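Visitor: for reference, the sequence and a predicted model appear below.
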Amino acid sequence: MAVLCALALWELAVRSGLLSETSFSPMTDTVAELGRQLGTGDFWTAVLNTLQGWALGLGLAILLAVPAGILVGSSRLAYRALRVPIEFLRPIPSVALIPLAVLVYGTGLESKVFLAVFASFWPLFVQTMYGVQDVDPVVTDTARSFGLGRFERIWRIRLPAAVPYIATGVRISSAVALILAVTAELVIGSAGLGRSISVAQSGGAIDVMYALIIATGILGWLLNILATRGERRVLHWHPSQRELPA
Amino acid sequence: MRRHLAIALEITVPILLLVLWGVYSASGDTFYFPPLTDILQKFQELWLFDRVGSDVWPSLQRLLLGYAIACAAAVAIGIPLGLNPLLRRATSPIVEFLRAIPPPALLPFAVVVLGVGNSGKIFLIAFVCLWPVLLNTIDGVTGIDPTLRETARSYGVSGRERLTKIVLPAASPQIFAGMRTSLSLALILMVISEMVASTNGIGFFVLQSQRSFAIPEMWAGILLLGLLGYALNLIFLLVERRVLAWHRGARASALG
Amino acid sequence: MLEVSQLGKTYGEGENATHAIGSISFGIEEKEFVCVVGPSGCGKTTLLKCMSGLLEPSTGSTALKGRTVDGPPPEMALVFQEYSRSLLPWMSVRGNVTLPLRHKKLGKGETARLVEEAVEAVGLAGFIDRYPWELSGGMQQRVAIARALAYQPEILLMDEPFASVDAQTRGDLEDLVLRVREQFGVTVLFVTHDIDESVYLADRIVVLTPSPTEVREVLTVDLPHPRDQVDTKELPEFARLRAHVYRLIKREQSGGEEDATTGGRAGGERADRDRVRG
C-alpha cells in the first residue's frame, strides 16, 4: 500500500514541477519506457552481459575463497601468519584497481570478472574462515577424545558448522559481485546494464536512464531474494535463525 | 612454543611478502608493475604532502560528510521503524527495493539531478551508505531481549528515557556492525564517483594517471587508497572498542 | 491489598486454544509473604505477568488497593528469573538501580540515598560501581532485588528469582529476601517451583493445578519468625507442611497425563536433598 503511495507521490512531484522535468522523469513515463525496453533485444543483451559478469565473478570467488577460508580457518598457525596481510588487503577498495584492470585486461569481460572476483573474494573468505573457527571447542574436544583425525574433524565438524557462515558469505558476495559488475560497466564501459545507463545519461535520454536504473534495481532485488532464500534454507537449523519468543 | 612460533610468523610473513614483492617487481621489468621502490618514491612525492590539499582533502570531505549523514539518518529512521511493526511492514517493500539497487547504477542519477559538483557525490555516498546502517538499526531494535523490554515497562521507563537509556544502547552493537559495512561502501563510492564525475580527488587522480600512462603514479594512488581503507577501518575499530566495551565484557562472561 | 478475581488467560482461538490459566482467585494482605507453587508448566509466569499488567488477561482482573491493574502500576516492582537479561549491561550497578527512579522526580540527593541504601541492604555495597557482567549470578540477582527495593514499591512480585542460581547461593538469597521484607516492610508475592523454598519463606502458600491452572488450595504457614535455614527446617511442622504441599502437587501431576516420569524423578531428587539437609 505504501508502495502505491510512493509511486503516486513520485508522479505528482514531477508533473507538478516540484521536481524539475529536465532531471526527473515522471513515473508513468518511466514505467512506459521500462515496458518498452523489455521488448527490445538490446535490453536483454545488456542484462545477460551483466549476469554473465556477475555469475563468473561470484563463481570464481566461491571456488577460490571457500577452500582458502577452510584451510586458513582450520590452522591456527596459518591464521596467525596471514592475519596481518589479510587485514591490510581486505580494506583495499576493489574499485581502486579499476585502472589496473583496464591496463592489464582491457575494457571487456575479463576486466569485469577480475574486479568482481577480487571484491567478492574477501567477504566470502573471511566468512568461511570465521565459520570454520567458530566451532564450540567442546565439540572439537569431544571429537578428538573419540579419536577423530585432523582431516576428519575438518570434514565432519568444522565444515558443517561453517556452512551457515558460508551461506551468508555467498549472499554478501553475490551482492558485491553484482555491484562490481555494474561498476565496471559504468566506469570502463564493458557491455551491460551499467554501460546502457551511462550512455542514456550522457545522451540526455532521461526516461531511458530511469527505466534502466529501475530495471537494474529489480535485477539486484531478485538476486538478493535468491541468495536470501538459499541462505535461509541452509540456516534453518542454526540458532540465529530461530524466532525469539515474542 | 607454539605461541612463540605464531608470533614470529605474524611478524615475519608480512615482511617476507613485502620483500618478495619488492624483489619480483624490481627484477622483471613489466611496464604495468613497476619496481616497488619507484612506487614508494612517487608515493612520497605525491602524498607527503604535495597533493594533500588538492586531492586527498576533498576526497575525505565527501567521504566523511556522506557517511555522517547516512549514519545519522539511518539511526533516526531505523529506531522508529524498529519499534513499530506496522510501520515496518508498510515500508518494507520500498526499503527492500531501494537497497537492492546496485549503487553504481545510481551514479548517473546523481549526476543528472545534482550535477558533477560535490553535492552529487555526497548525496550518492549518503544514499547508499544509509541502507546497511538502517537495516542493522532495525534488526538491532527488534532484537532487543524481551526481558529487557518487560523490565523497562514494569518500572515505567518510557519515552525519551527509554530511547536513550535502553533502546539505543541495546541496539548499538548491531548498529556498529552496519556502520562498519557502510564505511567500506563509502570509500568505494567515493572512488567510483570521482572516477566518473569529478575533476579532483584520489579516485580521479588514479584514473587520470592510468589514462596518461603514468603507471608509478597510478600505483602510488592505489597504495594510498589501500592505506586509507586500512586507516579508516582501524579508527573505526578503536572507536567501537571504546563505545562497546560493556558489550565485549558481557559477551565474554556469557560465553565463558 | 492485592485482589485477584477469576483471572484467566487463553491463547489462540477455537480448537487450538491453549488455556494457560483457567480461573484464579486469591487475595494478599499488606506485609504478607505469599508463595505461589505449582507443577512445572502450570502458567505461573503467565499469572505473574497478568497480575503485573504486562500481559492482558482473557478473563477476570487484578486489583491493587482497589484499583484495577491494566498496566504496570508504580506501587509494584518485578524481579525476573533471568537476571542477566533484565539488567542493563551498559550500566553499572549504580546505574541499573537508579534507572527506575529517574522519572520519579525525587531529586538527586534523595535518589542517590535510596540507591545506596538498597545496594547496601542486599550486601553489595562495595560493588556499586561494577558492571553486571563482572558479578556472579547470585550477585546479579541481588542487584535486581536492590533495583526493585530502591523503587520503594508496596508490593514485590518475584518470578522464580532463584531458580537459575546454585543451591548454596539460593539459601543466602532466601534469607536476604526475608530480611529485606522486615527492613522495608514490603508485601511479597513469590512464585517458585521449589516446595522447600515456598514453605521456608511464606506466610501463606497458594498451590496451583496444572493447566488450565486454578487454585488448588491456600495454606497458612504457622512457622515462627525469624526463619533459619537449619532450625526452621528441623521443625516437624515444616516437614508436615512440605509433605502436604508435595502431595498436593504430585496428585495434580499424576492426575494429568504429562510428565509422570519427570514428576517421579523430581520427587526423588527432592527426597535426596532432604536427606542431605537433614
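Guide: Looks like it arrived, so ask away. Just so it is clear, the model here is predicted, and its values are computed rather than measured.
Visitor: make it CA atoms for all contacts and neighbour counts henceforth
Guide: Noted.
Visitor: now do the same contact list for the most centrally placed residue in chain A.
Guide: Computing the C-alpha centroid of chain A and ranking residues by Cα atoms, centre = their mean puts A:A175 first, at 1.6 Å. Counting by Cα atoms under 8 Å, 6 or more residues apart in numbering or on different chains, A:A175 touches A:G220, A:L223, A:N224, B:P102.
Visitor: how far away is A:W44 from A:A175?
Guide: Using Cα to Cα, to the nearest Å, A:W44 is found at 20 Å from A:A175.
Visitor: then B:F109?
Guide: Here the criterion is Cα to Cα. By it, B:F109 lies 20 Å from A:A175.
Visitor: picking that back up, of the contacts of A:A175, closest to chain C?
Guide: Within these, the smallest distance to chain C is 34.1 Å, found for A:N224 (Cα to the nearest Cα).
Visitor: for B:A73, give me its contacts.
Guide: Going by Cα under 8 Å, 6+ apart, B:A73 touches B:L130.
Visitor: and it, how close does it get to A:F88?
Guide: 30 Å.
Visitor: how about C:V207?
Guide: With Cα to Cα as the criterion, C:V207 and A:F88 are 65 Å apart.
Visitor: what number of residues lie near B:I235?
Guide: Taking other Cα atoms under 10 Å in any protein chain shown as the criterion, the count of residues near B:I235 is 11.
Visitor: same check on the one 3 residues further on?
Guide: Using other Cα under 10 Å, B:L238 has 12 neighbouring residues.
Visitor: max-length helix in chain C?
Guide: In chain C, ranked by residue count with DSSP state H as the criterion, the top helix is helix C:236-255.
Visitor: what comes into contact with it?
Guide: In this structure, residues lying in contact with helix C:236-255 by Cα under 8 Å, 6+ apart are C:38-39, C:195-196, C:199-200, C:207-210, C:221, C:223, C:232-233, C:259-260, C:263.
Visitor: with only the CA atoms kept, save it in PDB.
Guide: The C-alpha coordinates for helix C:236-255 follow below in PDB (Å, rounded to 0.1, in the frame of the first residue of the first chain):
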ATOM      1  CA  PRO C 236       8.200 -31.200  62.500                       C
ATOM      2  CA  GLU C 237       5.700 -28.600  61.300                       C
ATOM      3  CA  PHE C 238       8.000 -27.700  58.400                       C
ATOM      4  CA  ALA C 239       8.100 -31.400  57.300                       C
ATOM      5  CA  ARG C 240       4.400 -31.700  57.600                       C
ATOM      6  CA  LEU C 241       3.700 -28.600  55.500                       C
ATOM      7  CA  ARG C 242       6.200 -29.600  53.000                       C
ATOM      8  CA  ALA C 243       4.800 -33.100  52.700                       C
ATOM      9  CA  HIS C 244       1.300 -31.700  52.300                       C
ATOM     10  CA  VAL C 245       2.200 -29.400  49.500                       C
ATOM     11  CA  TYR C 246       4.300 -32.000  47.900                       C
ATOM     12  CA  ARG C 247       1.400 -34.500  47.900                       C
ATOM     13  CA  LEU C 248      -0.900 -31.900  46.600                       C
ATOM     14  CA  ILE C 249       1.300 -31.200  43.600                       C
ATOM     15  CA  LYS C 250       2.100 -34.900  43.000                       C
ATOM     16  CA  ARG C 251      -1.600 -35.700  43.000                       C
ATOM     17  CA  GLU C 252      -2.100 -32.900  40.400                       C
ATOM     18  CA  GLN C 253       0.700 -34.200  38.300                       C
ATOM     19  CA  SER C 254      -0.300 -37.900  38.300                       C
ATOM     20  CA  GLY C 255      -3.900 -36.800  37.700                       C
END
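Visitor: list the buried residues in it.
Guide: When burial is assessed from 16 or more other Cα atoms under 10 Å in any protein chain shown, helix C:236-255 yields the following buried residues: C:F238, C:A239, C:L241, C:R242, C:V245, C:Y246, C:L248, C:I249, C:K250, C:E252, C:Q253.
Visitor: one more: stretch C:3-12?
Guide: Of the residues in stretch C:3-12, those buried under the neighbour-count criterion (16+ other Cα under 10 Å) are C:E3, C:V4, C:S5, C:Q6, C:L7, C:G8, C:K9.
Visitor: now that stretch: average pLDDT?
Guide: Per-residue confidence for stretch C:3-12 averages out to 82 on the pLDDT scale.
Visitor: and the strand or helix carrying C:K233, how far from the chain's centre?
Guide: With the criterion set as DSSP states H and E, the secondary-structure element containing C:K233 is helix C:231-234. When C-alpha coordinates are averaged (Cα atoms, centre = their mean, to the nearest Å), helix C:231-234 and its chain have centres 22 Å apart.
Visitor: and the contacts of it?
Guide: Residues external to helix C:231-234 that are found in contact with it (Cα under 8 Å, 6+ apart): C:Y200, C:L223, C:P224, C:F238, C:A239, C:G278.
Visitor: what comes up buried for it?
Guide: The neighbour-count criterion (16+ other Cα under 10 Å) identifies C:T232, C:K233 as the buried residues of helix C:231-234.
Visitor: next one: stretch C:12-32
Guide: When burial is assessed from 16+ other Cα under 10 Å, stretch C:12-32 yields the following buried residues: C:H19, C:A20, C:I21, C:G22, C:S23, C:I24, C:I28, C:K31, C:E32.
Visitor: the fifth one against C:Q6, yeah?
Guide: To tie it back to what came earlier, the one meant is C:S23. Yes. Here C:S23 reaches C:Q6: they are 4.7 Å apart, a contact under Cα atoms under 8 Å.
Visitor: what touches both of these two?
Guide: With the criterion set as Cα under 8 Å, 6+ apart, the overlap between the contacts of C:S23 and C:Q6 is C:G60.
Visitor: what about A:Y210, distance to A:V95?
Guide: Between A:Y210 and A:V95 the distance, using Cα to Cα, works out to 24 Å.
Visitor: what's the burial count for the residue in the stretch 101-250 of chain B that chain A sits nearest to?
Guide: Across the stretch 101-250 of chain B, the shortest distance to chain A (Cα to the nearest Cα) belongs to B:I101, at 3.8 Å. Other residues lying near B:I101 total 23 when counted by other Cα under 10 Å.
Visitor: phi first, then psi, for it.
Guide: The main-chain torsion angles of B:I101 are listed as degrees, to the nearest 10 and equal phi -70, psi 120.
Visitor: re the thing from before, could you identify which of the contacts of A:A175 has the most neighbours?
Guide: The member of the contacts of A:A175 that has the most neighbours, counting by other Cα under 10 Å, is B:P102 with 27 neighbours.
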